[in-house]
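Asker: fold the following for me, if possible:
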Amino acid sequence: MANPNAQPKYTKLFINNEFVDAASGKTFATHNPATGKEIIQVAEGNKADVDRAVAAAKKAFHRGSAWRQMSPLQRTNLMNKLCELMERDKQFLASIETQDNGKPFAEALFDVTISVMTLKYYAGWTDKFFGDTIPAGGFVAMTRKEPVGVVGQIIPWNYPLLMLAWKWGPALAVGCTIVMKPAEQTPLTALHMAALAKEAGFPAGVINVINGFGPTAGAAISEHPDIAKVAFTGSVDIGRIVMQAAATTNLKRVSLELGGKSPVVVFEDADIDYAVETAHEALFSNHGQSCCAGSRTYVHEKIYDKFVEKAAAKAKARTVGNPFEENTLQGPQIDEEMMTKVLGYIESGKQQGAKLQAGGKRIGNVGYFIEPTVFSDVKDDMRIAQEEIFGPVQSIFKFSSIEEIIERANSVQYGLAAGVITNDINKAMKFANSVDAGSVWINCYDAVLPQTPFGGYKHSGIGRELGKDGLDNYLETKTITMKLL
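Answerer: The predicted structure is shown next:
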């Protein structure tokens, strides 16, 4: 059952299978975005704490350690045990996620379910990453896949538990050890997961969680000479900083899952009600706080006016409020800073000539709620058309031909995802093959599955998460060649 008064059990740093205070003794508050009130104080890690965590992870990765000596089946069993514990605690995990993040409880519960699915998927990969034997004349040549070592993982606040699962899954499957920094806005589920990892039986040092801020704890992870790889999900600006830090220290490998400005294209032959519903959820799901949000809705001119009318009505009917109430579809934005940023984009849209069809204002003065907002008559050169808003703002554009829409869809710096809604398979496949996007969804949107790779083109990132491709981020390839005598 949803519990809006659930008390977080863990607030300290998790290093070497123990919850410990920060070396500085500092703490910081995490807040409930629905009320603006403090939930609890958590330990504030910095470079000294990251150093301790990396030392523990490095020891756990030593070739003679308990972790390195485990068979693949033993790693599988540990990951599956962790999933069992998540199932046991799913109501509590969802409750503290809703408190910390503001998403409706039903969505938080769904995130727990998908996180379990993701970890179970990777639990099945522990003995399925293979090398090759290579024809080499008078030699026997082979390749061997090996874990890279200690990995740093920095996750965002929009899907705290799910992003943890995306990163823990492949790293644990191949045998890496982890130092993770959750977003400072949403540390609570990561800390509870650390406790569950210990309960599941993961050896000391395999998983470490450091609460803290980007310029201190995050920078220390990106710069650390004993971290072999860093995975980051967040903004393009911070992704650049992470990549630069990795380059100027030990040239650690980097995977980045960054921003998006994804198009959803609706052709004239689509079922208009289905298209309106799909485009609506593509944007407004998770309050618009999604890297792959379908934030550019392109509608064919023949059905444009009718689509706009229906889209505006649907946005006006969307229930915004207390995320623990059963009928709530949209909770608050994550904090005052993001709320102010989104409202600034709404004002920009109005000033640049887009037509406001729904919403556009803050709701009340408690918490960080924004009305579901719809603009029509949006032009490609407007800020709301080019920049990632990360909020509940749907921009609807008009187009007339497939060649035109392919060019316009590709006219932004991002390339994370795209959607197309049509009954014409030729149009669907032409668009899918031509659009610059890491994921293309036909007659659906945001159909992200544990077994399907996810990542972006252009400024949307480097590398892929999920699926078999997600393992590659955490593996080295070693070539072994032997001469036949």
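Asker: wait, is Phe191 part of a helix?
Answerer: No Phe there; residue 191 is Leu. Yes: under the criterion used here (DSSP: H, G, I helix; E, B strand; the rest coil), Leu191 sits inside a helix.
Asker: ok, the nearest residue to it once chain neighbours are set aside - contacts?
Answerer: When the adjacent residues along the chain are set aside, Leu191 lies closest to Tyr10, with 4.0 Å between them (C-beta to C-beta, 6 or more residues apart in numbering). Glycine gets a C-beta too; all of them are placed from N, C-alpha and C. Each residue near Tyr10 by C-beta atoms under 8 Å, 6 or more residues apart in numbering is listed here: 19, 188, 191-192, 194-195.
Asker: ok, then the element right after whichever strand or helix holds Asn80?
Answerer: Assigning secondary structure by DSSP states H and E places Asn80 in helix 72-88. Once helix 72-88 ends, the next helix or strand along the chain (criterion: DSSP H and E) is helix 90-101.
Asker: in that following helix, what counts as buried?
Answerer: Within helix 90-101, the residues that qualify as buried by neighbour count (16 or more other C-beta atoms under 10 Å) are 90, 92-101.
Asker: do stretch 421-434 as well
Answerer: In terms of neighbour count (16+ other C-beta under 10 Å), stretch 421-434 has its buried residues at 421-422, 427-428, 431, 434.
Asker: now those in a markdown table, with distance to Leu78, secondary structure and pLDDT?
Answerer: Conversion of the buried residues of stretch 421-434 to a markdown table gives the following (distance: C-beta to C-beta, whole Å; DSSP: H, G, I helix; E, B strand; the rest coil; pLDDT from 0 to 100):
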| residue | distance to Leu78 | secondary structure | pLDDT |
| --- | --- | --- | --- |
| Ile421 | 42 | strand | 98 |
| Thr422 | 45 | coil | 98 |
| Lys427 | 47 | helix | 98 |
| Ala428 | 42 | helix | 98 |
| Phe431 | 43 | helix | 98 |
| Ser434 | 44 | helix | 98 |
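Asker: export those as JSON lines, with columns for distance to Ala43.
Answerer: Compiled in JSON lines, the buried residues of stretch 421-434 are given as follows (distance: C-beta to C-beta, whole Å):
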{"residue": "Ile421", "distance to Ala43": "47"}
{"residue": "Thr422", "distance to Ala43": "52"}
{"residue": "Lys427", "distance to Ala43": "54"}
{"residue": "Ala428", "distance to Ala43": "50"}
{"residue": "Phe431", "distance to Ala43": "49"}
{"residue": "Ser434", "distance to Ala43": "49"}
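Asker: need phi/psi at the residue nearest to Leu191.
Answerer: The phi and psi torsions at Tyr10 (degrees, to the nearest 10) take the values phi -130, psi 130.
Asker: any idea which of the buried residues of helix 90-101 is closest to Gly25?
Answerer: Gly25 lies nearest to Asp100 out of the buried residues of helix 90-101, by C-beta to C-beta, at 22.9 Å.
Asker: ok, now which ones touch the closest one?
Answerer: Going by C-beta under 8 Å, 6+ apart, Asp100 touches 30, 32, 39, 160, 185-189.
Asker: and it, what's its pLDDT?
Answerer: Asp100 carries a pLDDT score of 98 in this model.
Asker: would you map the strands across the stretch 51-200 of the chain?
Answerer: Secondary structure of the stretch 51-200 of the chain (DSSP state E, counting those that start in this stretch): strands located at 133-136, 139-147, 150-154, 177-181.
Asker: export those strands as TSV, with columns for mean neighbour count.
Answerer: Written out in TSV, the entries for those read as follows (neighbours: other C-beta atoms under 10 Å):
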stretch	mean neighbour count
strand 133-136	10
strand 139-147	15
strand 150-154	28
strand 177-181	29
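Asker: among these, which is nearest Ser411?
Answerer: When those are compared by C-beta to C-beta, strand 150-154 sits nearest Ser411, at 30.0 Å.
Asker: who does the closest one touch, helix- and strand-wise?
Answerer: Helices and strands touching strand 150-154, as assessed by 3 or more C-beta pairs under 8 Å, 6 or more residues apart in numbering; DSSP states H and E, comprise helix 47-61, helix 160-174, strand 177-181, helix 219-223, strand 229-233.
Asker: before we move on, the earlier item: of all the strands of the stretch 51-200 of the chain, which lies closest to Pro450?
Answerer: When those are ranked by proximity to Pro450, the top entry is strand 150-154, at 17.2 Å, counting by C-beta to C-beta.
Asker: adjacent strands (with direction) for the least confident helix or strand in the chain by mean pLDDT?
Answerer: Across the helices and strands of the chain, the lowest-confidence element by mean pLDDT, DSSP states H and E is strand 133-136, at a mean of 94. Strands that pair with strand 133-136, judged by DSSP bridges, come out as strand 139-147 (antiparallel).
Asker: ok and the strand it pairs with relative to strand 177-181, angle-wise?
Answerer: Using axes from the mean of the first three to the mean of the last three C-alpha atoms, to 10 degrees, the inter-axis angle of strand 139-147 relative to strand 177-181 is 40 degrees.
Asker: report the distance from strand 139-147 to the chain centre.
Answerer: On the basis of C-alpha atoms, centre = their mean, to the nearest Å, the separation between the geometric centre of strand 139-147 and that of its chain is 33 Å.
Asker: average pLDDT across that strand?
Answerer: The predicted model gives strand 139-147 an average pLDDT of 97.
Asker: run through who's touching that strand.
Answerer: Taking contacts as C-beta under 8 Å, 6+ apart, the residues outside strand 139-147 that touch it are 61, 129-135, 174-176, 474-484.
Asker: what does the longest helix seen in the chain rub up against?
Answerer: Scanning the chain for the helix with the most residues, using DSSP state H, yields helix 105-123. Outside helix 105-123, the residues that touch it by C-beta under 8 Å, 6+ apart are 2, 75-76, 79-80, 82-83, 86-87, 90-91, 93-95, 97-98, 101, 103, 159, 161-162, 164-166, 168-170, 172-173, 285-286, 323-324, 326, 450-451, 466, 470.
Asker: now do the phi/psi pair for Val264.
Answerer: On the backbone of Val264 - angles per degrees, to the nearest 10 - the values are phi -120, psi 120.
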